[in-house]
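**Q** Quick one: sequence plus predicted model below, questions after.
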Amino acid sequence: MASSALLVQLLFVVVSLFQFSSAGRALLDLVQDEPNQLLKYHYGPLLSAQISINLIWYGKFKPSQRAIVSGFFNSIYSEKPQVNRQPSVSTWWKTTEKYYHLTSSKKSSLVLTLGKQIIDEKYSLGKSLTSRQLVELAARGEQKNAINVVLTASDVAVEGMCMSRCGTHGSTYSASKSSKFAYIWVGNSETQCPGKCAWPFHQPIYGPQSAPLVAPNNDAGVDGMV
């Protein structure tokens, strides 16, 4: 997944620059193996065991766009890490293991696998969604041991999008109230506010007006979603 590896490399640059500007830390701090410095555990619950990632595509997406996102999740665990091609999706994701080292002496594990992909191209809830409707869409995925990711197309308006957020996440109970599942929402900002939510693959609305980076998959909206 060369494009996913390139995307993660760009993400490293973005996060590094953010850390440098907001906290005055050296760029190299992000890649040094210092678990206590990089992550702070706030004693919240952590997902463990095997968790399925279910994608709910709301609106019209091209097959190539769905392949970008699903390819990213499929690259989280690499059977044959390529040392000479760093950073990769799998090495970037390994950072999360440090949370588990901070929680207790008993090592826990988390394995993410790509589960169902649900496609709703008919806009069953309309083209203007509330936060409650996002949870309703998320509930279409698995409701136990799952993270359900709602992805809205560029022509779908979502409450708060572009004004206060580009995405959100949370958890809720299943329909039977017997289990909980986590959910994520992120929207394609290509036509609504790319200067806010698709940076650095689009000219930013505020701040230094340097040239944007080239989107690794030539799709600023979906690369921005990833």
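**A** Sure thing, it's come through. Residues are numbered from 1 along each chain as shown.

**Q** ok, which stretches of the chain are strands?
**A** In the chain, the segments counted as strands under DSSP state E are 49-58, 110-120, 128-129, 146-152, 157-158, 167-173, 180-187.

**Q** Quick one: residues in contact with the longest one.
**A** Strand 110-120 is touched from outside by 46-59, 61, 66, 70, 73-74, 76-77, 96-97, 100, 137, 140-142, 146-147, with contacts defined as C-beta atoms under 8 Å, 6 or more residues apart in numbering. C-beta: built from backbone N, CA, C; applies to glycine.

**Q** Run the angle between it and strand 49-58 for me.
**A** Strand 110-120 runs at 20 degrees relative to strand 49-58, counting by axes from the mean of the first three to the mean of the last three C-alpha atoms, to 10 degrees.

**Q** Sheet partners, orientation included, of strand 110-120?
**A** With DSSP bridges as the test, strand 110-120 is paired with strand 49-58 (parallel).

**Q** buried ones in the partner strand?
**A** Buried positions in strand 49-58, judged by neighbour count with 16 or more other C-beta atoms under 10 Å: I51, S52, I53, N54, L55, I56, W57, Y58.

**Q** Tell me which residues touch the fifth one, please.
**A** Spelled out, it's L55. For L55, the contacting residues are R66, V69, S70, F73, L114, K116, Q117, I118, G141, V149, L151, by C-beta under 8 Å, 6+ apart.

**Q** Just the buried ones from the residues you listed, in PyMOL syntax?
**A** Here is the PyMOL command that selects only those of the contacts of L55 that count as buried (16+ other C-beta under 10 Å):
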select buried, resi 66+69+73+114+117+141+149+151
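
**Q** Let's see stretch 136-149 as CSV, backbone CA atoms only.
**A** As requested, the backbone C-alpha atoms of stretch 136-149 are provided in CSV (Å, rounded to 0.1, in the frame of the first residue of the first chain):
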residue,chain,number,x,y,z
GLU,A,136,-28.3,6.3,14.0
LEU,A,137,-26.1,5.6,11.0
ALA,A,138,-23.3,4.3,13.1
ALA,A,139,-25.7,1.8,14.7
ARG,A,140,-26.1,0.1,11.3
GLY,A,141,-22.7,-1.5,11.8
GLU,A,142,-21.8,-4.2,14.4
GLN,A,143,-22.9,-3.4,17.9
LYS,A,144,-20.4,-5.4,19.9
ASN,A,145,-16.6,-5.4,19.7
ALA,A,146,-16.8,-2.8,17.0
ILE,A,147,-15.8,0.6,15.8
ASN,A,148,-18.3,1.9,13.3
VAL,A,149,-17.0,4.7,11.0
